[in-house]
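Engineer: Sequence plus predicted model, see below.
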Amino acid sequence: MRGLRVVAMGGGTGLSALLRGLKEHVVRGSDQAPTRERPISDLTAIVTVTDDGGSSGRLRRENRMLPPGDIRNCMVALAKDEALLSRLFQYRFQAGHGLTGHNFGNLFLAALTHVTGDFAGSGPRFEQSPCDSRAHFPSTISNVHLVATLVNGKRIQGETSISRSKIPIRKIELSPRAARPLPKAI
């Protein structure tokens, strides 16, 4: 049996929940080949980067980097020891000037980005670590935002503002429209 190569695309809690389920069907290192129970030989996540709220939004604005939160959640979902990595990466600082509200995983990805100079490469580099996560890539390295046109004609920008709106959405777009996908994602 030839193994399946699966690519999951999305963001937020939906993608990490999907990956958590899919990883149970990935060939393990001790297996010689794919089986009916574990038919997936390669699992990759293409993660959206439009988050602008919370710790991710702060890091995005203050460090001019892509928002790390959804990538972090995918890394946790795909980790061998998900319980430990989850406790570590989801740990949110409750005190400390400038640290309050940030979680360690976002700060880790911010530091990795600054050290390597490459947010897009932080996922594949991390997969070589003891945490043994599968591959995950941002959908783009462009600074993108969601823009919604509401039924009343008003336009609002940003995931956070859009999700708070009580007025129904007529259309949603990505800005800038010419954002290029990450070649590795393709």
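Structural biologist: Cool, got the structure. Keep in mind the model is a prediction, meaning the values are calculated, not measured.
Engineer: Now Gly10, what are its backbone angles?
Structural biologist: Here is the backbone geometry of Gly10 (degrees, to the nearest 10): phi 150, psi -150.
Engineer: And Lys23, by the same measure?
Structural biologist: With angles defined as degrees, to the nearest 10, Lys23 sits at phi -60, psi -20.
Engineer: confidence score at the nearest residue to it once chain neighbours are set aside?
Structural biologist: Closest residue in space to Lys23, ignoring its immediate chain neighbours: Leu78 at 5.5 Å, by Cβ to Cβ, 6 or more residues apart in numbering. The way it works is simple: take the backbone N, C-alpha and C, and place the C-beta from them, glycine included. Looking at Leu78, its pLDDT reads 88.
Engineer: next one: the one 5 residues further on
Structural biologist: The per-residue pLDDT reported for Ala83 equals 88.
Engineer: now the helices for this protein?
Structural biologist: Counting by DSSP state H, the chain has helices at residues 12-22, 54-63, 69-78, 82-89, 104-116, 119-126, 159-164.
Engineer: rewinding a little: I'd say the residue nearest to Lys23 and Ile40 touch.
Structural biologist: No - with contact taken as Cβ atoms under 8 Å, Leu78 and Ile40 are classed as non-touching, separated by 11.7 Å.
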